[in-house]
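A.B. asks: Based on what follows, work out the 3D shape:
(chains A and B)
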Amino acid sequence: MLELFAFVGLPYAAILICVAGTVWRFRNDQYGISSLSSQFLEGKKLLWGSAPWHIGILIIFLGHFIAFLMPGVWQRLMAVPLLLALAEMTGIAATVMCLLGLIVLFYRRLTSARLQKSTHIGDFIVTALLLAQVGLGLMVAGGYRWGASWSTGTLTPYIWSLITFSPEISVIRDMPIVIQAHVVGAWLILLVLPFTRLIHMVSVPLQYLFRSPQKVVWNNPRRNNQAVAARVTQESRRHFLKAAFGLSAAGLLLSVGVLDKLGRFFQMPGLHHDEEANLLETRLRRLQLTAEEKELELERLRSDYIYVAKLAELNGTVGKYFIDYSMRPGLAFRAEDGWPMLLSAKCTHLGCTVGNQVDASGRILCPCHVSYFDIKTGMPNEGAPAKAPLDRIAWVVRDEQGNEVATESPRGSRTGRLDPTLAEGYSLFIVRSLSAEA
Amino acid sequence: MKQPLVSTLFDFIASRIPLHKLDVRHMITEKEVPVHRMSWGYYVGGLALFFFIIQVFTGMMLLFYYEPTVSEAHESVEYITHFVTMGALIRNLHAWSASFMIFCVIAHMLSALAMKAFAKPREITWIAGVLLLLITFGFGFTGYLLPWNQIAVNATKVGLASIDQMGQYLPAALSHLAEDVRVTIQGAPAIGQATLSRFFALHVVILPLMIFGVIGLHVLSVQLHGMSPGIEDKPRRKDKFFPIFILKDFKEWGIAFLVLFILSLCLPFDSLFPYPLLEPYNALGSTPDGIKPEWYFYFVYYPMELLPFWVIIVVMTFATLGLFAAPWIFKGTSHKTMRWIASAIAAYMIVMTLFGENIYHAIKG
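C.D. replies: All right, here's what the predicted structure looks like:
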């Protein structure tokens, strides 16, 4: 008897009262068909309560209605395990959202004195009913899994049987009490709908989902200014966040690109062994050159005579470079009279190494700042950046037996004589004792 | 009544380094930057800082492969350029960014001069800035030698030999002093391993330590005093330092990085020199043609080629002292005159840098 009332009597009564009540409300209280916004009384918690609640409940409604209106299609979709899991997850997530939203809304009603001034007993009834209904729904979803699938064969026929005026409660009467309670809860909500804030459902405020946010405020100058100021703060915050987001996104992209390059910088370059060999060879040659330089230095520290060249190798057109006792470059020439001429190759201007090619007028060029030096005297040309002549370097010529045959001091005074017939055997040296004198 | 000297000194320091303003709100959130037609000058300093940051990072990366010995230096640089993945990019970034940094530092100095930004109480900011300029030139001079190629070593040789030149103007008894100074800097009578080691130490340790300290002082005093107003009239409006100015600054940095990165990818800095100058330094051969310093030394290099040396010494000495003393020399100068002075210096620098070589050849034939 009770079952008959709960699953047949109550539904018909609820539907009847809902339709009649709505019509009555529409005729007598048209402007009251709203949820009686309380945003201007309290706005912050409302956002965190209302938004999740409405988003969640709309998703859940959609699920319930599809299962009710198109059981065949729904059944076939739910036969795909992935879709079934997806539907269940979406449903449970939406239910949790609803529950949290409702709790916030309920808490808000309980804690704000301003709200309580405009709160009616109906609001509490609705909240309690909805809380119970959502809670029950969650219990059904959790306790009797895959409701998205099984409901099409059980609850959908029950509702259709009511609509077609041939009530059939054989299935629902054997269902678990939690599911039965959930169904009864639905009829109760339908019953109270016309007499509470729930009536706002019939105005189908779907555009709320898409319109830009609005804020309900008292319309007085102070409030107005506050609203403008709040808006400005919000806008500038939005701009800052946008800019900060843009910059960090750009920075992220940039660093991904840059770090990619930088990271590889530290990896060992994978060289082919030919490349490796060439590289090693070049390095070795450089090391040898350095070693040779060091040997030259050591030689200059140890020996009293340094060999420059065979006298016969020298000429007056291309100078031969050598390194003097202070490790600076020198140039050796041979004059027309057969005597050697040794000059420092360090430019007296800024110390560049002078070139060794003698031009038509018997001069060598310092390429750095274009000074020409006469190889006979070492004097720079008129107007050259270099003012002082190149230093003369003292020398000794020895014959094959190692006897000194001729010398020149740094001041240019010569001793001895060179025999042109023996010139083939002559060797040219620089001398420490004479260099020290300089 | 005259104040005692010590308290005058304390007053000077207290008003130049107002540490009581040392709180984040004053230095960041409340700071405002005037907007006017010289405002671009405010960003050049930030760009110099940005390029310096690039230098620090690329420099540290190059240190992973560079070997500061006369036999290895050139080879290791070649190795970075040709074998290390992205090595050429990093090296180009370092070279291009160095030039950009020096350009920004000079432009920043000229804009500060034009805005009379050194006026009380910003003397210390200015002096720190002049020190930064000199340190930056020091970075350029020491860094130029490190690849140990022909142009690097020979140009350094020429640069150092100009110290010797001063000897001729000293009294006879002291005339060797100049050479002693050069030999001490070189570490040996001839430029060699000792010089490379010293320049390396200066470039990667000593100058960085110095510049970090001076940048700290410079930036701190900029934040303490706020930006110099820059012009006589009231600025049209002011930007909040945070977040507006800083975002604009970052925007400039982004553009600068893009330009620098693309340039470094596409155009090796070395490509501006003929190849023989990039061969390893040969101590025994003759100096190749076309030895010259980096472009940022042209403004002193070409006059040095053309004028008697003593003129250069006198002018450079006065110019350097004048830079340090600018806050006191130009105390009463109007903003307009300052702009003229700065423009004249800028014009000289631009002409000498772009056309110095042509002028030199036109005069020397």
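A.B. asks: For the stretch 51-200 of chain B, list the residues in contact with chain A, please.
C.D. replies: B:61, B:64, B:69-72, B:74-75, B:78-79, B:83-87, B:89-90, B:154, B:157-158, B:160-162, B:164-165, B:189-190 (Cβ under 8 Å from any Cβ of the partner chain). (Each C-beta comes from the backbone N, C-alpha and C, glycine too.)
A.B. asks: Show me the residues you listed that map onto helices.
C.D. replies: B:61, B:74-75, B:78-79, B:87, B:89-90, B:154, B:157-158, B:160-162, B:164-165 (DSSP state H).
A.B. asks: burial measure for A:Ala141, as a count.
C.D. replies: Neighbourhood size, A:Ala141 [other Cβ atoms under 10 Å in any protein chain shown]: 19.
A.B. asks: mind listing what it touches?
C.D. replies: A:Glu88, A:Gly91, A:Ile92, A:Thr95, A:Gly147 (Cβ atoms under 8 Å, 6 or more residues apart in numbering or on different chains).
A.B. asks: cutoff 10 Å now
C.D. replies: A:Ile60, A:Glu88, A:Gly91, A:Ile92, A:Thr95, A:Val96, A:Gly147, A:Ala148, A:His182 (Cβ atoms under 10 Å, 6 or more residues apart in numbering or on different chains).
A.B. asks: quick one: the strands in the stretch 1-150 of chain B?
C.D. replies: Assigned by DSSP state E, counting those that start in this stretch, the stretch 1-150 of chain B shows strands spanning B:32-35.
A.B. asks: can you pull out the strands in the stretch 201-350 of chain B?
C.D. replies: Counting by DSSP E, counting those that start in this stretch, the strands of the stretch 201-350 of chain B are B:237-240.
A.B. asks: Contact residues of it facing chain A?
C.D. replies: Neighbours of chain A within the stretch 201-350 of chain B, by Cβ under 10 Å from any Cβ of the partner chain: B:243-244, B:247, B:250-251, B:254, B:257-258, B:261, B:265, B:280, B:282-292, B:304-306, B:309.
A.B. asks: hmm, the lowest-mean-pLDDT helix or strand in chain B in reach of chain A?
C.D. replies: Least confident element among the helices and strands of chain B, by mean pLDDT, DSSP states H and E: helix B:24 (a mean of 80). No - residues of helix B:24 contacting chain A under Cβ under 10 Å from any Cβ: none, with a closest distance of 17.8 Å.
A.B. asks: Need the contact partners of that helix.
C.D. replies: B:Glu30, B:Gln223, B:Phe242.
A.B. asks: For A:Asp337, the count of nearby residues, please.
C.D. replies: A:Asp337: 8 neighbours (other Cβ under 10 Å).
A.B. asks: for A:Lys376, same thing?
C.D. replies: Neighbours around A:Lys376, by other Cβ under 10 Å: 14.
A.B. asks: list the contacts for it?
C.D. replies: A:Gly316, A:Phe333, A:Ala335, A:Glu336, A:Met341, A:Leu343, A:Gly362, A:Arg363.
A.B. asks: how about TSV for these, with secondary structure and pLDDT added?
C.D. replies: What follows is the contacts of A:Lys376, written out as TSV (DSSP: H, G, I helix; E, B strand; the rest coil; pLDDT from 0 to 100):
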residue	secondary structure	pLDDT
A:Gly316	coil	86
A:Phe333	strand	91
A:Ala335	coil	84
A:Glu336	coil	82
A:Met341	strand	89
A:Leu343	strand	90
A:Gly362	coil	87
A:Arg363	strand	91
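A.B. asks: Can you tell me which of the residues you listed lies closest to A:Val232?
C.D. replies: A:Arg363 (81.0 Å; Cβ to Cβ).
A.B. asks: Report pLDDT for the closest residue to A:His349 other than its chain neighbours.
C.D. replies: Spatially, and ignoring its direct neighbours in sequence, A:His349 is nearest to A:Ala386 (3.8 Å; Cβ to Cβ, 6 or more residues apart in numbering or on different chains). At A:Ala386, the model reports a pLDDT of 84.
A.B. asks: and A:Ala386, which of the three is it?
C.D. replies: Of the three states, A:Ala386 takes coil according to DSSP: H, G, I helix; E, B strand; the rest coil.
A.B. asks: Please apply the same query to the one 10 residues further on.
C.D. replies: Recorded secondary structure, A:Val396: strand (three-state DSSP).
A.B. asks: returning to that earlier point: which of the contacts of A:Lys376 are buried? Put it as a PyMOL command.
C.D. replies: To isolate the buried ones among the contacts of A:Lys376 in PyMOL, judged by 16 or more other Cβ atoms under 10 Å in any protein chain shown, type:
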select buried, chain A and resi 333+341+343+362+363
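A.B. asks: Same list (the contacts of A:Lys376) but as CSV, adding distance to B:Gly230.
C.D. replies: CSV is the format used below for these (distance: Cβ to Cβ, whole Å):
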residue, distance to B:Gly230
A:Gly316, 67
A:Phe333, 64
A:Ala335, 69
A:Glu336, 72
A:Met341, 65
A:Leu343, 59
A:Gly362, 63
A:Arg363, 57
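A.B. asks: Distance to chain B for the contacts of A:Lys376 - can I get that in a markdown table?
C.D. replies: Shown next, in a markdown table, are the contacts of A:Lys376 (distance: Cβ to the nearest Cβ, whole Å):
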| residue | distance to chain B |
| --- | --- |
| A:Gly316 | 17 |
| A:Phe333 | 14 |
| A:Ala335 | 21 |
| A:Glu336 | 24 |
| A:Met341 | 17 |
| A:Leu343 | 13 |
| A:Gly362 | 17 |
| A:Arg363 | 14 |
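A.B. asks: Which helix or which strand is home to A:Met139?
C.D. replies: helix A:121-143 (DSSP states H and E).
A.B. asks: Buried ones in that helix, by neighbour count?
C.D. replies: A:123, A:126-127, A:129-131, A:133-138, A:140-141.
A.B. asks: Geometrically speaking, which residue is the centre of chain B?
C.D. replies: Nearest to the geometric centre of chain B sits B:Thr136, at 3.1 Å (Cα atoms, centre = their mean).
A.B. asks: Give the closest residue to that residue in space, chain neighbours not counted.
C.D. replies: B:Val105 (5.0 Å).
A.B. asks: quick one: contacts for that neighbour?
C.D. replies: Taking Cβ under 10 Å, 6+ apart as the test, what B:Val105 contacts is B:44-45, B:47-49, B:51-52, B:129, B:132-133, B:135-137, B:296.
A.B. asks: Touching, B:Leu196 and B:Ser76? I think so.
C.D. replies: No - between B:Leu196 and B:Ser76 there is no contact under Cβ atoms under 10 Å: 11.9 Å.
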